[in-house]
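> sharing a model prediction with you, sequence too.
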Amino acid sequence: MAAKREMKRILVTGAVGQIGSELTLALRDRYGADNVVATGRKTAPSEELKNSGPFYFIDVTDRASIEEVVSKHDIDTVVHMAAILSAVGEKNPTLAWDVNMNGLYNVLECARDHDMARVIVPSSIAVFGPETPRDNTPNETVLKPKTMYGVTKVAGELLADYYFHRFGVDVRGLRYPGIISHETLPGGGTTDYAVAIYYEAVKNRRYACFVREDTRLPMMYMPDCIKATIDLAEADLTKLKHHSDFNVGSMSFTAGELAASITKQIPEFECSYEPDFRQEIADSWPSSIDDTPAREEWGWSPDYDLDKMTTDMLENLTRKHKQGKI
Ligand code: SER
């Protein structure tokens, strides 16, 4: 089946979040500021986001609030980033189910009703669990997560594929690894230490990491995350055998290797390790990812490795620190 039509007017949910805030700006550059409508639930958008195009508060669990913006802006594509992540989800599983499942259901129904061109919905390495092969985890494998976040992501992948096959809604999604960035802090994930460590290195020269030194997880730098998301969204549908469940690999490192990469540039940096409840979640996830289908079906290839990312992160955060922004 060929793509129904091009994406022209895009609604981004979760636009104030870690990925959404940067993805919205990238989409505005590409599709025109007024054609990319940003939405969030309660956190106020940054000045940059607010001044760069339309913004609304909506609640994805309330379908009427999505409908209103979709109708007003004649939306043909939803990039659905709103979600409760793994650590917050373990503290409040009911909320995670409500936002991640009912929110997705509302978005998919809305897309079906409005005959939309595309829906982009992220999945995560959290779909995997302790029974999954940990190294070079294949795309097709055991999906038995032990977190509510993971449960909603597996169910979300299935629901998204159901809407594609049953109703012809062109839904696409990637299994993001931990995403590292310097614009907006992540909110409530297990991989957040890999961001916090940079902020603390710049501000205080020390960090108490909440997973063990030998914890190895797949990670990705934000420019690669934005590239992967837009490339998949724009990929030729006729070439896709997968839709909502692409593994995307980039880099894998232990918390200790991450600290060592920072020490190369900030020799006085010290990292200590104080594992908390997130250790068990991290231990249930892959250490590295096989992303052959993404490479074959839409040409995925990352640009950043650990040291290249560290250089860029430290440069940006040092500048912000000097400006008093962090
Ligand atoms: N970064 C997410 C989390 O840690 C994984 O998708 O919850």
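Nice, thanks for sending it over. All figures in this text were calculated on a predicted structure; none of them were measured in a lab.

> wait, what's in contact with the residue lying closest to N136 once chain neighbours are set aside?
With CB to CB, 6 or more residues apart in numbering as the criterion, N136 has its nearest non-adjacent residue at 4.6 Å, and that residue is D290. Bear in mind the C-beta positions are built from the backbone N, C-alpha and C, glycine included. By CB atoms under 8 Å, 6 or more residues apart in numbering, the contact list for D290 reads 136-139, 247, 249.

> could you do L11 as well?
37, 39, 66, 69-70, 73, 75, 77-79.

> give me the subset of the residues you listed lying in helices.
Judged by DSSP state H, the contacts of L11 include 66, 69-70 as members of helices.

> need the contact list for E48.
Going by CB under 8 Å, 6+ apart, E48 touches L25.

> next SSE downstream of the helix or strand that contains it?
According to DSSP states H and E, E48 maps onto helix 47-51. Going down the chain from helix 47-51, the next helix or strand is strand 55-57, by DSSP H and E.

> can you list the residues that contact that next one?
If you take CB under 8 Å, 6+ apart as the criterion, strand 55-57 is touched by 15, 37-42, 45, 49, 69.

> out of those residues, who has the most neighbours?
Neighbour count (other CB atoms under 10 Å) singles out A15 as the most crowded of these, with 30 neighbours.

> tell me the spacing between it and the ligand.
A15 sits 17 Å away from the ligand, going by CB to the nearest ligand atom, to the nearest Å.

> got any ranges where the chain has weak pLDDT?
1-4 (pLDDT under 70).

> that one against the ligand: which residues are in contact?
By CB under 6 Å from any ligand atom, the residues of the chain that approach the ligand are 85-86, 124-126, 149, 176, 178, 189-191.

> tell me which of those fall in strands.
Among the residues of the chain next to the ligand, the ones falling in strands (DSSP state E) are 124, 176, 178.

> let's have these in JSON lines, adding neighbour count.
Converted to JSON lines, those look like this (neighbours: other CB atoms under 10 Å):
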{"residue": "S124", "neighbour count": "28"}
{"residue": "Y176", "neighbour count": "25"}
{"residue": "G178", "neighbour count": "23"}
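
> which ones are touching the closest residue to the ligand within the chain?
Residue nearest to the ligand within the chain: G189 (2.7 Å; CB to the nearest ligand atom). The contact partners of G189, taken as CB under 8 Å, 6+ apart, are 85-88, 178.

> switch the cut-off to 6 Å
Counting by CB atoms under 6 Å, 6 or more residues apart in numbering, G189 touches 85-87.

> perfect, that will be all.
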